[in-house]
Every structure is written in structure tokens, then in C-alpha cells.
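In: Dropping the sequence and predicted coords here.
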Amino acid sequence: MSAVAAKPILYSYFRSSCSWRVRIALALKGISYDLVPVNLVKDGGQQFSTEFKALNPMKQVPVLKIDGITLSQSLAIIHYLEETRPNPRLLPQDPKKRAQVRMVADHIASGIQPLQNLGILKQIGERKMEWAQNCIASGFQALEQILQHTAGRYCVGDEVSMADLCLVPQVANAERFKVDMGPYPTITRINKALLELEAFKVSHPCRQPDTPAELRA
Amino acid sequence: MSAVAAKPILYSYFRSSCSWRVRIALALKGISYDLVPVNLVKDGGQQFSTEFKALNPMKQVPVLKIDGITLSQSLAIIHYLEETRPNPRLLPQDPKKRAQVRMVADHIASGIQPLQMTQWARSIQQHSSNLEVALPLQNLGILKQIGERKMEWAQNCIASGFQALEQILQHTAGRYCVGDEVSMADLCLVPQVANAERFKVDMGPYPTITRINKALLELEAFKVSHPCRQPDTPAELRA
């Protein structure tokens, strides 16, 4: 092993909620990395370039190059970080609480976000705002109920977990699509508490190298 | 703890690929359970009943009641089984290989299956009067559009996802999706291939997926959990 290990490289888009999840994890764990922006809109979408397709055949961000491997899928990446850089932890020790964390994270990452991602919205066409609102509202209605069983200060109890890493970016998507957050007081409260933490601020879409000037904080 | 622990209860639909993933895990780990069928089509969809919504507000299968808790989301359930009933293992020991397993599993579970929109298309086609229950918005034009084109829609998202998966597997696969041991990735693969067949996706371009699927279907756990052998399998589809 060389004395100077290469820094991890994260391929990210400022506004991609999946990329934001990984940026939060890296920030929470104090992992230094290089960020390579992939603009999902410019030039027809840089994710379709030959180079990027070789990194991730699914043509999506985030992608993380770390420890000699290349990983896609935000929660697979976050689990890898958790298992190799365990402090601070992003999963509780109790298996039942861990299951609740994964249930909430997967609810967002499989049950809400994919239905309103860029690729789908392009196919939906001009009704895309309405479609995205529908998916998010439907998912948040269920999530609000689930969180009433699991939440403490954060999504599951009082420690930040993978569920929280998924929640904040999804709420940001909800705001972008003008979803009325009135019916979701628990989601709103938890989101607000998380956004006070440094890791959620430094990783925010408005503070990225590729944030457009007009959206920069 | 009582001497006779309650058996786990799995709420499942025979044809639901997400339910099948969990059935495979339970079979592989030799976990005995009771199956409660939830018919996603009959009566406007039993997942919309008040009782079922209390179990899972997302109104989806599978749901597993086990050890005094109620879990939804197939991979969260499978991870819980892995952590509490660790043998045989469904994740490799090496963290890098574990990451590859999760990458493949999530690619299917987040990147392909949800995009089929089968639940949305089903909602439209069944009973319009239930849509206010299923969906908060009133204007259903887009969903009607998907409903009419559901075959094409599902084919596109599966083909697109399989095209990427075929390439990923060329790096990771041995006898199975990642190396030579059955993992969570394989539990996701087989049900997704079954979906592909239902939607008449041409599997010609995906030889690695096809080979792995065939090898997995020879294993007892994948056979006993198969949609054609469930308590709620309709007679005409029963093996």
C-alpha cells in the first residue's frame, strides 16, 4: 500500500438528491475527496458521454471511486463507507432499529425518488411537475405515518442515520416541485433539525463547485 | 421470551417480485413462516384496505411481521434477516464485494423495478373510483397515459436497466451475480427476470443475466418460493 493513498473521487451533480446523500455521508465521516461535476442537463447531459458510461453503465450520479473500486447506487456507497470508516456511525447498533433506518431510507430511495428522477420526468413530458408532486406527496403521506412510530429527534431515534441522509435531499426535491409540506409536520421538523448540522450545510446543493451563480448561497 | 415464539408472518402477492425476494431469503435461511396473501388486483386491490394500510402506509407488499416488529421494503427486511439469522450468508465477508452486491441489488430494486409503474398502471386499469384512495391528486391524465402504454413503458425501463446490468455483471459475476456465492443481488435478479418475461422483453442481448438466472432457478429456495407455487397462485398459473 502506497504511503499516499489516492483521494476518493465523487462524480456528482449539485442538484442530484442521490449525490447529496453521499456528500452528507462523506462530510459526516470527515472523509476528504475530490468532486468531479457531471452536468445532467448541459450538452444533452454529460452522463451520456462515453467516459461516464464506462464509470456507470446506468448513466447516473453519484459514482464514487474509492480504495481502488468504482461504486454506484448511493446506499451501496454509503453502506461501504459505514463498513470501512465506521465513525461516526450511520446505523444504530440494534438490528431492529437498523431495520427501521433501512426501511425509511429504502422507502425514499426506491419508493419516491426514482419515480421523479430526471430520466422519468423527461418521458412524462409537459405534465412532469404534476407527476413529481403526485409521487412525492403520495410517498410523504406514507412516510409521515411511518416516522410517527420511529422518530425521535431524527428519523429513527435521536442519532443521525442513513434515513436522515435520504430525507433532507428528498424534502429539497419536494420544495423544488412546490409540494405543499403542510400535511407533513414530522418530516418538516426533522428536516429543519438536520439542516442545522454542519455536514448537511457544507454538502448542500447551493454550496457545490458546480452550483450555478444564481443559485449559490 | 416465551418458549413458543410466534412464527413470522409474510404479507405477499404471488406475482410481486419484491415479495419473491423475501420468500427466497426466508427459504434460503430455512425460516418457517405463515404467508398471508394480499391480492393487489381483486376488490380494487386489497393493499388499499384500512387493515393493510395500518401495516404498511405505503400500501405495498411485502410486509414481514417478525420478532415483534413490522417491516416493509424488501431489502430492509432481507438485511434484518441477514443480521439476525446469519446462516447461510447472503452477503460476502469482504466489504468491497458486499458493496458490489448492494450496488447490483439496488440497481434492480431502485433503478428498474419501481419504474415499471405496475402499481400505478394497475390502479388505473382496475377501479377508477379507488384512485382518490390511491392518489392524492385529481388529474389522472398522466396515469391513464401510462396505463394504456404500460407494456411499452415497462419494457423500456427493464431493457434500459438490463443493458446497464449486463455490463456491470461482466465485472462482478462468477457463477452468480457477485462471485460464486448466492447473495442479495441474486434474490433481486431472478424476480426481475421473471418480470422481464411477463412484459415480453427480448432477453437476447443479456446472456450473463440469462445464464445466472438459469443457474439460480435450479436451487431449491428459488423453486419453492416461485410465483407458480404460492398459496395464492391462481389455478391456471400453478406449476
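Out: All right, it came through fine.

In: Quick one: find the helix or strand in chain A with the lowest mean pLDDT.
Out: None of the helices or strands of chain A scores lower by mean pLDDT, DSSP states H and E than helix A:118-124, at a mean of 84.

In: and for that one, what are the contacting residues?
Out: A:40, A:114, A:128, A:131-132, B:115, B:142 (C-beta atoms under 8 Å, 6 or more residues apart in numbering or on different chains). In short, each C-beta sits where N, CA and C put it, glycine included.

In: Buried subset of those as a ChimeraX selection?
Out: A single ChimeraX command selects the buried members of the contacts of helix A:118-124 (16 or more other C-beta atoms under 10 Å in any protein chain shown):
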select /A:40,114,128,131,132 /B:115,142
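
In: can you put the contacts of helix A:118-124 in JSON lines and add secondary structure?
Out: Converted to JSON lines, the contacts of helix A:118-124 look like this (DSSP: H, G, I helix; E, B strand; the rest coil):
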{"residue": "A:Leu40", "secondary structure": "coil"}
{"residue": "A:Pro114", "secondary structure": "helix"}
{"residue": "A:Lys128", "secondary structure": "helix"}
{"residue": "A:Trp131", "secondary structure": "helix"}
{"residue": "A:Ala132", "secondary structure": "helix"}
{"residue": "B:Leu115", "secondary structure": "helix"}
{"residue": "B:Ile142", "secondary structure": "helix"}
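
In: shaky segments in chain A?
Out: Where chain A drops to pLDDT under 70, the residues are A:1-4.

In: circling back: ok now the least confident helix or strand of chain A, how far from the chain's centre?
Out: Put simply, helix A:118-124 sits 19 Å off its chain's centre (C-alpha atoms, centre = their mean, to the nearest Å).

In: how about the CA coordinates for it, as CSV?
Out: In CSV, the C-alpha atoms belonging to helix A:118-124 read as follows (Å, rounded to 0.1, in the frame of the first residue of the first chain):
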residue,chain,number,x,y,z
LEU,A,118,-34.7,13.3,-14.4
GLY,A,119,-35.0,10.3,-16.8
ILE,A,120,-38.6,9.7,-15.8
LEU,A,121,-39.6,13.3,-15.9
LYS,A,122,-38.2,13.6,-19.5
GLN,A,123,-40.5,10.7,-20.5
ILE,A,124,-43.5,12.2,-18.7
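
In: Next, the contact list for A:His187, please.
Out: In this structure residue A:187 is Ile, not His. Contact partners of A:Ile187, counting by C-beta under 8 Å, 6+ apart, are A:140, A:143-144, A:147, A:167, A:171, A:181.

In: Generate TSV for these, with distance to chain B as supplementary columns.
Out: Listed next are these as TSV, based on distance: C-beta to the nearest C-beta, whole Å:
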residue	distance to chain B
A:Phe140	10
A:Leu143	8
A:Glu144	8
A:Leu147	10
A:Leu167	15
A:Val171	17
A:Met181	13
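
In: ok, A:Ser110 - contacts?
Out: B:73, B:75, B:106, B:109-110, B:113-114.

In: Give me the nearest residue to it, chain neighbours excluded.
Out: Among residues not flanking A:Ser110 along the chain, B:Ser110 sits closest, at 4.3 Å (C-beta to C-beta, 6 or more residues apart in numbering or on different chains).

In: Report the beta-bridge partner residues of A:Val63.
Out: With DSSP bridges applied, A:Val63 shows beta-bridge pairing to A:Tyr11, A:Ser72.

In: Check whether it really touches A:Ile69, as I assumed.
Out: No. A:Val63 is beyond contact range of A:Ile69, at 10.8 Å (criterion: C-beta atoms under 8 Å).

In: In this structure A:Arg85 contacts A:Lys29, no?
Out: Yes. Shown here, A:Arg85 and A:Lys29 form a contact pair, counting by C-beta under 8 Å, at 4.9 Å.

In: Give me the common contacts of those two.
Out: When C-beta under 8 Å, 6+ apart defines a contact, no residue borders A:Arg85 and A:Lys29 alike.

In: Could you check how far A:His204 is from chain B?
Out: Note on A:His204: its distance to chain B, by C-beta to the nearest C-beta, to the nearest Å, is 23 Å.

In: same thing with A:Gly45?
Out: Taken as C-beta to the nearest C-beta, the span from A:Gly45 to chain B is 14 Å.

In: How about A:Ala5?
Out: Distance from A:Ala5 to chain B, by C-beta to the nearest C-beta: 15 Å.

In: again, but for A:Leu215
Out: Following C-beta to the nearest C-beta, the distance that separates A:Leu215 from chain B is 27 Å.

In: before we move on, what about A:Gln170?
Out: Noted for A:Gln170: a distance of 13 Å to chain B, by C-beta to the nearest C-beta.

In: wait, what's in contact with that residue?
Out: A:Gln170 neighbours (C-beta under 8 Å, 6+ apart): A:17, A:108, A:112-113, A:136.

In: go again using 10 Å as the cut-off
Out: A:17, A:20-21, A:107-109, A:112-113, A:116, A:136, A:139-140, A:143, A:187, A:191 (C-beta atoms under 10 Å, 6 or more residues apart in numbering or on different chains).

In: Likewise for A:Gln73?
Out: By C-beta under 10 Å, 6+ apart, the residues touching A:Gln73 are A:18, A:22, A:56, A:58, A:60, A:62-64, A:79-80, A:109, B:99, B:102-111.

In: which two of the contacts of A:Ile187 lie the greatest distance from each other?
Out: A:Leu147 and A:Met181 (13.5 Å; C-beta to C-beta).

In: between those two, what contacts are shared?
Out: Taking C-beta under 10 Å, 6+ apart as the contact rule, A:Leu147 and A:Met181 both touch A:140, A:187.

In: A:Ala151 is in contact with A:Thr186, isn't it?
Out: Yes. A:Ala151 is in contact with A:Thr186 according to C-beta atoms under 10 Å; the separation is 5.8 Å.

In: anything in contact with each of those two?
Out: Taking C-beta under 10 Å, 6+ apart as the criterion, A:Ala151 and A:Thr186 both touch A:Glu144.
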